[in-house]
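Novice: Quick one: sequence and predicted model below, then my questions.
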Amino acid sequence: MERRVVITGMSAITPIGHGRDPIVHSLQDGVSGIKPLRAEEFLSPYIHSKVYGTVDYPVEYDFKRNHRKTMGPVAYYACQVAKEALEQSGLTEEFITSGRLGVAFGSIHGSPTVQRNIYRIFFGATDKKAVREIGAVDYLKSMVHTTAVNITKMFGITGRVISSGTACTTSSQSIGYGYESVKFGMQDAMLCGGADEYDTTTVAVFDNLLACSTAFNETPQKTPRPFDKERDGLVVGEGAGAVLLEEYEFARKRGANILGEVIGFACNNNGGDMILPNLTGITNTLKLGVETARINPDEVDMISAHATATKMGDIIEAQAIHAVFGDHPYVIGLKSYTGHTMAACGAIETIMTLYMMQDGFIAPTLNLEEIDERCTMIRHVQKVMQHPVKTATIQNFAFGGVNTILMIKKFS
Amino acid sequence: MTRQEIENEVINVFQREFEIENPDMDADLRETYEFDSIDAIELLLAIETFLETEITQEEKKQAINIRTINQICDYIENIARKRNLLTPA
C-alpha cells in the first residue's frame, strides 16, 4: 500500500522570526538572524567563533504547570511549534488522541541547559545531599527524546514515536520517517520536526574542528556565506520547526487546507568517515530521492542545499547537485539567514521552502557575493526572484556520514 | 513543630511548587489537581527540606497510597513524631 502524503500544518521558531509573516519578510528583505554569541560563564570566552543564529525575541507560552514540569528549553520550542502546526491542521482532539497520529521529533542531545545543571551538581558534590539537588524530572527534561514525548504528553497523542537524534539530519529524518509511516499505512498522520536550544557546547565542538566561522565576529550578519569565495565556516543556531503530515484522502475528505505534498525521501550513510563530506554518498542520496519521488531530475525547480558554508562541504554538495540535477534548478542556502539550527534545520528549511512555493518567490543565498569558482557549476540565486516553484528538494547531511533528501511538491 | 505549621507549609508547597492555590484538603489530588508520581517525588524532597531530615526509602514507599493533602499532613506528622520534632498539642 502506498498513499499520498500531504502537509496540513506547519510552524517554526527561527532566528529570523516565529511563524509565517516575519520569516517570509526576512527571506524577501534579506534579513539575517545571526547575532553576537551571548556571554556565559562556561565556554563563550574561549570560543573563537563569536556569532550565533539567535532567537532574540520573546516567545509567548501558555503551557500548564502539569506540562511545564517535564520541559527544558528545547521542549518549550518543540511543543510551541507542534501546538501551532496542530492548530493550523484543524485536526480534532478525537483524532489527535485516537492512535492514528504519531510523532517524529528530535533534538541533537536533549536539553544541554538541564544537563549542565546536573553536571554542576555532580562535580560540586561534597556530601550525599548533592543527590537530592538533582531533580526527579531532570532526566525527562534532558533525555534525547524529550521533545517527542513532551509533545505526546501535552496533546494526548497515542500513536508511534520516532525520535531521531542524528545531529544535522534529525528533523529531515523526522519528516522522512513520518512520511514513510503515513505513505505505507502505519499511521494516518504524523507530527514531525526538530528543535534545539541555545547551546555553546555545540559551538565549541565545531570551533575545535575549525568548522566555525571566525572572520566575521564584528559583522555577524555577513556570515555564514554558503558557496561564497570568502566563506569561513558554519554558524551554530537555535530554533524549532514542525510539520503535520497527513494521508491525502483523509485530508481531502475532511476539507483540510493542504499546504504542500511530500513526494519522496531518501536517507543513506557514507559508510566511512564520520566528519568529511562524501561525494559518492551524497550523490547516491540525491539519486535515491529522485527515484522515490518517481520524477525526472529536471522537474526539480529549486534546491534548498544543506550549505553550511564550510570549505569542503559546499564544494562536495555543489558537485553532487550538478551530477544529479545539472545546472537547471535554482540552488539556495537558507542557513545564510538562520545559521545552522542543528536538529531543527531540516524542518525549518522545509517550512521556508513551502512558504516560497506558496508565495512564488525564491530567496537568495545571503552573503553570496562572489561565488567560489569550485561551486559555479550550479545555478545560484543572489537576488530575490519572483518565480514559481513547483517541485523542490531539501538536503541535509550530518556527522556520522548520514545524508537525507526530502522531495516536496506544490499541491495541486 | 505543630500540626498547624505542617499544614501551613504543605499549603505553601502546593502554591509555590505546584501552582495550586487554596487546595481542598480532602480532595483526591490526582483527580482534582492532576497530581502525579513526578509531583509526589518532588513533594517528598520538599518535605525533607522542611523537616531538615532524610526520609528513608522504606518511609518513601509508604507514601505511595497517599491521596489527599490531609493524608500528606498525617504522613509528615508521623515522620516528625518518630524523630521527636513534633511539639505536643
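Specialist: Perfect, I can see it now. Numbering: from 1, shown residues only, chains lettered A, B, ... in the order given.
Novice: List the contacts of the closest residue to chain B within the stretch 151-300 of chain A.
Specialist: The stretch 151-300 of chain A approaches chain B most closely through A:K153 (10.5 Å), counting by CB to the nearest CB. In short, each C-beta sits where N, CA and C put it, glycine included. With contacts defined as CB atoms under 8 Å, 6 or more residues apart in numbering or on different chains, the neighbours of A:K153 are A:H67, A:T70.
Novice: Next: A:R38.
Specialist: A:S44, A:Y52, A:T54, A:Y198.
Novice: which of the residues you listed tops the neighbour count?
Specialist: The member of these surrounded by the most neighbours (other CB atoms under 10 Å in any protein chain shown) is A:Y52, with 27 neighbours in all.
Novice: Assign it to helix, strand or coil.
Specialist: At A:Y52 the chain is in strand, as set by DSSP: H, G, I helix; E, B strand; the rest coil.
Novice: Report pLDDT for the closest residue to chain B within the stretch 51-200 of chain A.
Specialist: Here the stretch 51-200 of chain A gets closest to chain B at one residue, A:A136, 3.8 Å apart by CB to the nearest CB. A:A136 is assigned 77 on the pLDDT scale.
Novice: Quick check: the gap between it and A:V74.
Specialist: Note on A:A136: its distance to A:V74, by CB to CB, to the nearest Å, is 19 Å.
Novice: ok, these two, which is more surrounded?
Specialist: A:V74 (32 against 18).
Novice: Surely that one and A:E197 touch.
Specialist: Yes. Contact status for A:V74 versus A:E197: in contact at 4.3 Å, counting by CB atoms under 8 Å.
Novice: residues shared between the contacts of those two?
Specialist: A:S107, A:S111.
Novice: What parts of chain B come near chain A?
Specialist: Contacts of chain B with chain A, taken as CB under 8 Å from any CB of the partner chain, map to B:F18, B:E19, B:E34, B:D36, B:I38, B:D39, B:I41, B:E42, B:L45, B:E48.
Novice: Around the residue nearest to the third one when sequence neighbours are not counted, how many other residues sit close by?
Specialist: Closest residue to B:E34 apart from its sequence neighbours, by CB to CB, 6 or more residues apart in numbering or on different chains: A:N66 at 4.8 Å. Burial of A:N66 is recorded as 17 neighbouring residues (other CB under 10 Å).
Novice: buried stuff in the helix or strand harbouring A:N66?
Specialist: In this assignment (DSSP states H and E), A:N66 forms part of helix A:65-68. For helix A:65-68, the neighbour count (16 or more other CB atoms under 10 Å in any protein chain shown) marks A:N66, A:H67, A:R68 as buried.
Novice: And the first one, what's its pLDDT?
Specialist: Predicted confidence (pLDDT) at A:N66: the value is 91.
Novice: How much space separates it from A:L140?
Specialist: Look at A:N66 and A:L140: by CB to CB, they are 13 Å apart.
Novice: How about the last one?
Specialist: When distance is defined by CB to CB, A:R68 is 12 Å away from A:L140.
Novice: Flag the shaky bits of chain B, pLDDT-wise.
Specialist: Low-confidence segments of chain B (pLDDT under 70): B:89.
Novice: how about the helix or strand bottoming out on mean pLDDT in chain A, does it get close to chain B?
Specialist: The helix or strand of chain A with the poorest confidence is helix A:129-133; it has a mean of 74 (mean pLDDT, DSSP states H and E). Yes. Counting by CB under 8 Å from any CB, contacts between helix A:129-133 and chain B involve A:R132.
Novice: Which SSE is immediately downstream of the longest helix belonging to chain A?
Specialist: What stands out as the longest helix in chain A, according to DSSP state H, is helix A:73-89. As assigned by DSSP H and E, the chain's next helix or strand after helix A:73-89 is helix A:93-96.
Novice: what's the distance between that next one and the middle of its chain?
Specialist: The chain centroid and the centroid of helix A:93-96 are separated by 26 Å under CA atoms, centre = their mean, to the nearest Å.
Novice: which residues touch the residue nearest to A:R254 when sequence neighbours are not counted?
Specialist: Leaving out its chain neighbours, the residue that sits closest to A:R254 by CB to CB, 6+ apart is A:G90, at 7.7 Å. With contacts defined as CB under 8 Å, 6+ apart, the neighbours of A:G90 are A:T8, A:G9, A:R254, A:A256, A:N257.
Novice: Tell me, how many residues neighbour the fourth one?
Specialist: When you say that, I think you mean A:A256. 20.
Novice: which ones are touching residue 47?
Specialist: With no chain named, the answer covers chain A. Taking CB under 8 Å, 6+ apart, we find A:I47 in contact with A:L37, A:T200, A:V203, A:A204, A:D207, A:C212.
Novice: hm, I was asking about chain B
Specialist: Counting by CB under 8 Å, 6+ apart, B:I47 touches B:I55, B:I76, B:I79.
Novice: A:A320 now?
Specialist: So A:A320 contacts A:L279, A:I282, A:T283, A:L286 (CB under 8 Å, 6+ apart).
Novice: and the gap between it and chain B?
Specialist: Taking CB to the nearest CB, to the nearest Å as the measure, A:A320 falls 47 Å from chain B.
Novice: does that residue belong to a helix or a strand, and which?
Specialist: Using DSSP H and E, A:A320 falls within helix A:311-325.
Novice: How far does that helix sit from its chain's centre?
Specialist: 20 Å.
Novice: That one - what's its average pLDDT?
Specialist: The pLDDT scores in helix A:311-325 average 98.
Novice: now stretch A:255-263
Specialist: The model assigns stretch A:255-263 a mean pLDDT of 98.
Novice: Now do the helices in the stretch 51-200 of chain A.
Specialist: Using DSSP state H, counting those that start in this stretch, the helices assigned to the stretch 51-200 of chain A run over residues A:65-68, A:73-89, A:93-96, A:112-124, A:129-133, A:138-142, A:146-155, A:170-183, A:200-208.
Novice: For the third one, C-alpha coordinates in CSV please.
Specialist: In this case it means helix A:93-96. This file holds the C-alpha atoms of helix A:93-96, laid out as CSV (Å, rounded to 0.1, in the frame of the first residue of the first chain):
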residue,chain,number,x,y,z
GLU,A,93,-9.0,16.2,19.6
GLU,A,94,-10.7,12.9,18.9
PHE,A,95,-8.4,12.2,16.0
ILE,A,96,-5.2,13.5,17.8
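Novice: ok, residues contacting it?
Specialist: With contact meaning CB under 8 Å, 6+ apart, helix A:93-96 is reached by A:L86, A:L101, A:F155, A:G156, A:I157, A:A189.
Novice: which of the residues you listed count as buried?
Specialist: Buried members of the contacts of helix A:93-96, counted by 16+ other CB under 10 Å: A:L86, A:L101, A:F155, A:I157, A:A189.
Novice: Please report how far the last one lies from A:Y248.
Specialist: Taking CB to CB as the measure, A:A189 and A:Y248 are separated by 11 Å.
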